[in-house]
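S.K.: From the sequence below, what's the structure:
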Amino acid sequence: MLTRILACAAVVLAFAAGMAFLHAGPSAFAGPPSQQASVSAALNVTALRPGEGAVLAVVIDIKSGFHAQSNKPFDDFLIPLTVSVDPADGVIAGPPQYPPGAVVQYPALGKLSVYSGRTIVYLPLRVREDAAPGPVRIDGWARYQICDDQMCFAPQRTSFSVETRIVSPGEPAAPANAELFAGYEPRAVDTRPIEPAPQPPPRPAELGGASPAQPPSMSLAAALATAFLAGLIFNAMPCVLPVLPLKAMSFYEIAQHSRARSVLLSCIFSLGIIAVFAALAVLMLPLKLIIWSELPSKPWFIWTIVIILLTMGLGMFGAFTLSLPASVYSIAPRHDTYTGNFLFGMLAAVLATPCTAPLLPTLLAWAASQPVVQGIGAMLTVGVGMAAPYVVLSAFPQLARRFPRSGPWAELVKHMLGFLLFGAAAYFGGASLISGGAFWLLLIAVSVWGSLYLLVRTAQIAQSAAAVMVATAIAVAVCGGVTWWAARSTGLVARLTMGAAAVNVDWVPYSDEALAEARRQGRPVLVKFTANWCLNCQYIEATVFNDARAVQTMRQLGVVPIKADLTHDTAAGWPLLRELSPVGGIPLTAIWAPGAERPVILASVYTAATLVQVLEGMQ
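M.R.: As a prediction, this is how the structure comes out:
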């Protein structure tokens, strides 16, 4: 059996390594999306003249057999092609002019509005009359998603730049690149003066955030140390909570074995964790097929997890002493077998995906900018760090031998661990089915059910009143704790203690149009990326956005608050999250200062004081 487990793990790791090798080689499938399209830009004049207009052509050349979604795709969840330019001294840019999309029916993708071949987007420009002569550089970017007739690749954001000069009045400026501007239709350009450039916002590195545009500079040794520490922290993340009773039972059951066998079983558990991180690393870094926390938004993924948790919870109640199909036993294997520990390790790693440990965004930003082998090595080290505590604890099986191995009290402990699994299933399932904070009611119901069960069973088997009193205290703590946290996460506690007016935030639902309109107002803009299934997001909601000082600061500075709810995989905010974060993890908050092109990023868990510091630093 051990040989088969090792062989299985070897296959997973070999598959991951093989996929990375193929991707790095010249024959890697159809190639990444960056190889299927190129972006360039050109002006219609050889120089810019003060007080006169010009046109910038942004050319997206898409290779044969591929296409990009048009600027107005038929479905909201599709990624539109957009073009934007950064502010340049003395130059005013008008709204881009996009060509109409071609309507094409694809057998696998359906009817789409697409661009293919050479696509040109025009940006009208106007030079201020008082613009100083001299060289000028116009920078910008194009955002698009490349697809073939079967599938779509990860969205891309490609930069471009044009270097020219502003000449003195009377100096010549000849027409140029006439072939690119045959389809241009002149329109009015906004001639309002360009506002003075605001002071740059605080550097994210100083405020606990991470900038996606500037990968952190770390040596390989520092990155591996960061990865190991991030893995350790994962064990404290609430998303991994459902696996803790499983490992508690594991140490309980393997205590009868020798120390060598206990360590061996824990190593098999660790191998399951590392195998999942290896697969995720390949899919995220070289192939770019998924982002870290996108999986929990997929219905097939979340309901698979719910079924597994429910099945394991039933197993704690002895449901599998009945004659059930063999496939059910494979879902809830024994803790003292090689297969069981390997599968439990995989489950622990999978359950970590809804969370991002505080160090993971920085690590992923670094890994994405490194050679494939180093990036995958860092991700494997995260798995090693997550598994390390279990290997250490397995070296002391005698600690678990002090607990009773049979009898009614041992059964009651198993049943309560089963209720913990039911609670986790209720959380993930309810968060996907129920909008807003109402899903907490389902979790409260499970906590009440489990607490009543604890009281009844304790009263039946206890020999003294002291045991009943202890059980009552535990029941009150569990029910009260869950109810209090639910009330705090939904803002009920803050409203009752400080008044609704003190903590009420009028969130604007995210859309590209809402974000663009908010930024045009010249006010600070805050976009909060969250999801019901993200426990860390609930913590941020409870401790940051229900904090009176944070809310008051947002109001005083005129911040436009936008909420990007990513509970479902079709949510409108996913494309922007992919652009802002290489890891794609939430919680994440992006804050744009007035006129700033790039936001300050607060990734993973942060405090209300940090948010206030960022906002006040933008004044």
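S.K.: mind listing what's buried in the helix or strand where Gly315 lies?
M.R.: For Gly315, the host element (DSSP states H and E) is helix 299-316. Across helix 299-316, burial judged by 16 or more other C-beta atoms under 10 Å covers 301-302, 305-306, 308-316. From N, CA and C alone the C-beta is placed, and that goes for glycine too.
S.K.: out of those residues, which one sits closest to Ala42?
M.R.: Phe301 (44.8 Å; C-beta to C-beta).
S.K.: any idea of the pLDDT on Ala501?
M.R.: pLDDT recorded at Ala501 is 67.
S.K.: Show me how the record splits this structure into domains.
M.R.: Following the assignment in automatic domain parsing, the chain carries domains at 33-171+180-188, 220-402, 501-617.
S.K.: Return the member of those domains having the minimum mean pLDDT.
M.R.: Comparing mean pLDDT over those, the weakest stretch is domain 220-402, at a mean of 74.
S.K.: what's the spacing between the residue of the chain positioned farthest from its centre and Ala176?
M.R.: If you look at how far each residue of the chain sits from its centre, by C-alpha atoms, centre = their mean, the farthest one is Gly170, at 54.0 Å. Plainly put, Gly170 is 19 Å away from Ala176 if you go by C-beta to C-beta, to the nearest Å.
S.K.: Reformat the buried residues of helix 299-316 as TSV; add distance to Ile233.
M.R.: Output for those, formatted as TSV (distance: C-beta to C-beta, whole Å):
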residue	distance to Ile233
Phe301	23
Ile302	23
Ile305	21
Val306	25
Ile308	24
Leu309	23
Leu310	28
Thr311	29
Met312	25
Gly313	26
Leu314	31
Gly315	29
Met316	27
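S.K.: Phe428 and Phe344, how far apart?
M.R.: Distance of Phe428 to Phe344, given as C-beta to C-beta: 18 Å.
S.K.: Please apply the same query to Gly585.
M.R.: Distance, Gly585 to Phe344, by C-beta to C-beta: 24 Å.
S.K.: Kindly report the same for Leu360.
M.R.: Distance of Leu360 to Phe344, computed by C-beta to C-beta: 22 Å.
S.K.: Tell me which of these two has more neighbours.
M.R.: Using other C-beta atoms under 10 Å as the criterion, Leu360 and Phe344 rank with Leu360 on top: 27 against 24.
S.K.: Quick check: which element contains the closest residue to that one other than its chain neighbours?
M.R.: Excluding the flanking residues, the one nearest Leu360 by C-beta to C-beta, 6 or more residues apart in numbering is Ala230, at 4.9 Å. Counting by DSSP H and E, the element that carries Ala230 is helix 220-234.
S.K.: where do the helices sit along the stretch 51-200 of the chain?
M.R.: Assigned by DSSP state H, counting those that start in this stretch, the helices in the stretch 51-200 of the chain number zero.
S.K.: how about the strands in it?
M.R.: For the stretch 51-200 of the chain, the strands defined by DSSP state E, counting those that start in this stretch occupy 53-62, 67-69, 82-85, 91-93, 102-106, 110-115, 118-127, 134-144, 146-147, 156-166.
S.K.: can you put those in JSON lines and add distance to Tyr539?
M.R.: What follows is these, written out as JSON lines (distance: least, C-beta to C-beta, whole Å):
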{"stretch": "strand 53-62", "distance to Tyr539": "41"}
{"stretch": "strand 67-69", "distance to Tyr539": "35"}
{"stretch": "strand 82-85", "distance to Tyr539": "33"}
{"stretch": "strand 91-93", "distance to Tyr539": "41"}
{"stretch": "strand 102-106", "distance to Tyr539": "42"}
{"stretch": "strand 110-115", "distance to Tyr539": "39"}
{"stretch": "strand 118-127", "distance to Tyr539": "42"}
{"stretch": "strand 134-144", "distance to Tyr539": "31"}
{"stretch": "strand 146-147", "distance to Tyr539": "37"}
{"stretch": "strand 156-166", "distance to Tyr539": "30"}
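S.K.: Can you name the residues that contact Gln69?
M.R.: Counting by C-beta atoms under 8 Å, 6 or more residues apart in numbering, Gln69 makes contact with Leu78, Ile79, Pro80, Leu81, Gly101, Leu112, Ser113, Val114, Tyr115, Tyr144, Gln145, Cys147.
S.K.: Could you pull out the strands in the stretch 401-550 of the chain for me?
M.R.: 508-509, 525-530.
S.K.: Could you provide the ones you listed in a markdown table, with additional columns for distance to Gly272 and mean neighbour count?
M.R.: Shown next, in a markdown table, are the strands of the stretch 401-550 of the chain (distance: least, C-beta to C-beta, whole Å; neighbours: other C-beta atoms under 10 Å):
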| stretch | distance to Gly272 | mean neighbour count |
| --- | --- | --- |
| strand 508-509 | 39 | 14 |
| strand 525-530 | 30 | 25 |
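S.K.: nearest to Gly65, of the ones you listed?
M.R.: strand 525-530 (34.1 Å).
S.K.: Touching the closest one from outside, list them.
M.R.: Taking C-beta under 8 Å, 6+ apart as the rule, strand 525-530 contacts 507, 510, 515, 518-519, 537, 540-541, 545, 554, 559-566, 573, 576-577, 586-592, 599, 615.
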